[in-house]
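Trainee: Provided below for reference: sequence and predicted model.
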Amino acid sequence: MYDRIDRFVPADIAYPALFVCIETGALFCTESLKRESEVRVLKGLKFQPIDDKYKYDPFAGL
């Protein structure tokens, strides 16, 4: 795990629909799983896009 990630670029490989990201220890999912969960109106899920604005900094609030 890293202390901070300022730029996150997922590898261009096939991922399972739901997986643990080795770098952050967080659950990540594919866009297709996100869409399907929205269609089925699953409750208790929160999605954060992994885009140019994504940063991982678990110590930011300390």
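Mentor: Everything's here; your move. Numbers count the residues shown, from 1 in each chain.

Trainee: Nearest residue to T24 in space, ignoring adjacent ones along the chain?
Mentor: Distance criterion C-beta to C-beta, 6 or more residues apart in numbering; nearest residue to T24, sequence neighbours excluded, is Y56 at 5.1 Å. The C-beta positions use only the backbone N, C-alpha and C, and glycine is treated the same way.

Trainee: Looks like that neighbour contacts E23 (just checking).
Mentor: Yes: using C-beta atoms under 8 Å, Y56 is in contact with E23, at 7.3 Å.

Trainee: Which of these two has more residues huddled nearby?
Mentor: Neighbour count, other C-beta atoms under 10 Å: between Y56 and E23, Y56 has more, with 19 against 11.

Trainee: Please state the backbone phi and psi of that one?
Mentor: phi -110, psi 110 (degrees, to the nearest 10).

Trainee: Run through the residues that contact it.
Mentor: Applying C-beta atoms under 8 Å, 6 or more residues apart in numbering to Y56 gives the contacts 2, 4-5, 8, 23-24.

Trainee: those strands in the protein, which residues are they?
Mentor: Ranges of strands in the chain, per DSSP state E, are 18-20, 27-29.
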